[in-house]
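*Asks:* Build me a model:
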Amino acid sequence: MTPSSSEHRPPRASAWSSLWLLSRRDLKVRYSTSLLGYVWSILDPLLMSLIYWFIFTQVFSRTVGEEPYIVFLLTALLPWVWVNGAVSDSTRAFLRDVRLVRSVALPRWIWVGRIVCSKGIEFLLSLPVLIVFAIFSGARVGWELVLFPLGVVLLAALTLGIGLLIAPLVVFFRDLERAVKLVLRVAFYASPVIYGAADLPAFAQPLAWLNPLSGIFALFRAGFFPDQLDWPLVAASAAWTLGILAVGVFVFRRSIGGVLKEL
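*Replies:* Residues are numbered from 1 along each chain as shown. The predicted structure is shown next:
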């Protein structure tokens, strides 16, 4: 069955409810088999933030970012964990549930969408960490905080587009799974996580405009660091996001038939 076919496809409401049920299942499985449960969703970004905070404030003389630096880090690290986890897991979106993918009459994009959704819920669950550090560090909070939901929407669309592009291709080219993990490692340092887009030297500034995460992270940071908000950069990131989502949908629709035969 291809995404364009309507045979045996449930109503749209049923598809969205199935997406929610599958996302809940992923979270229940992840937390029910873990002793620490919810703590794991915040432990990784928290430890990373503390490590980078120590390195750039206690070991080296920091020339990037803004104060309080721990809040500056968390406003990008928390969404980065969402992107990194969702894109990485999308490489096995079809491979880990082959029988369900082949037998259950659901729109195939749901198998990617549930990963983006479950990782997005984990992101929302990790926000109390940011709130606590913002309060105790005395971070400034401005009206730009209303832009935070826009960042969430754009990040979800970007992650879904990348997932729709990668998930079917990995079925045909298994080495792509390792390649994606390698690219993600490079992308972390190429994205304004431990620094701001404006901190890049002049010769590297084009990289910020080519990276859709630059403007999205600026939206997450704007409520605490208004100087990070660059509307032209946000517009460029939105355009990249829509383009990647469109390409992802196109590739997914064209390849899903072959994916089902290959599984």
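
*Asks:* State the distance from Asp26 to Leu43.
*Replies:* Distance from Asp26 to Leu43, counting by Cβ to Cβ, to the nearest Å: 18 Å. Bear in mind the C-beta positions are built from the backbone N, C-alpha and C, glycine included.

*Asks:* Correction: the previous question concerned Ile70.
*Replies:* Applying Cβ to Cβ to Ile70 and Leu43 gives a distance of 15 Å.

*Asks:* before we move on, what about Phe123?
*Replies:* In terms of Cβ to Cβ, Phe123 sits 14 Å off from Leu43.

*Asks:* quick one, which of these two is more surrounded?
*Replies:* Phe123 (22 against 13; other Cβ atoms under 10 Å).

*Asks:* Now the residue positioned nearest the centre of the chain: closest residue in space, sequence neighbours ignored.
*Replies:* Nearest residue to the geometric centre of the chain (Cα atoms, centre = their mean): Val83, 2.1 Å. With sequence-adjacent residues excluded and distances taken as Cβ to Cβ, 6 or more residues apart in numbering, Val83 is closest to Thr159, at 5.5 Å.

*Asks:* so that neighbour makes contact with Val81?
*Replies:* No. The criterion here is Cβ atoms under 8 Å, and Thr159 misses it with Val81 at 11.4 Å.

*Asks:* So, low pLDDT: which residues of the stretch 1-150 of the chain?
*Replies:* Applying pLDDT under 70 to the stretch 1-150 of the chain picks out residues 1-14, 29-38.

*Asks:* what does stretch 201-217 contact?
*Replies:* Under the criterion Cβ atoms under 8 Å, 6 or more residues apart in numbering, residues 75-76, 79-80, 83, 151, 154-155, 158, 187, 190-193, 197, 200, 230, 233-238, 240-241, 244 lie in contact with stretch 201-217.

*Asks:* Among those, which lie within helices?
*Replies:* Judged by DSSP state H, the contacts of stretch 201-217 include 75-76, 79-80, 83, 151, 154-155, 158, 187, 190, 233-238, 240-241, 244 as members of helices.

*Asks:* rewinding a little: can you give me every residue that contacts the residue nearest to Val83?
*Replies:* Trp82, Val83, Ala86, Val87, Val116, Lys119, Gly120.

*Asks:* how about Thr63, secondary structure?
*Replies:* coil (DSSP: H, G, I helix; E, B strand; the rest coil).

*Asks:* again but with Ala139, I slipped
*Replies:* Recorded secondary structure, Ala139: coil (three-state DSSP).

*Asks:* who touches it in this structure?
*Replies:* Pro68, Val71, Phe133, Phe224.

*Asks:* ok, the first one touching Gly138?
*Replies:* This means Pro68. Yes. Under the criterion of Cβ under 8 Å, Pro68 makes contact with Gly138 at 7.0 Å.

*Asks:* So for the two, which sits in the more crowded spot?
*Replies:* Taking other Cβ under 10 Å, Pro68 and Gly138 do not tie; Pro68 has more neighbours (20 against 9).

*Asks:* contacting residues around that one?
*Replies:* By Cβ under 8 Å, 6+ apart, the residues touching Pro68 are Phe133, Ala134, Ser137, Gly138, Ala139.

*Asks:* Show me the strands in this structure, by range?
*Replies:* Along the chain, counting by DSSP state E, no stretch forms strands.
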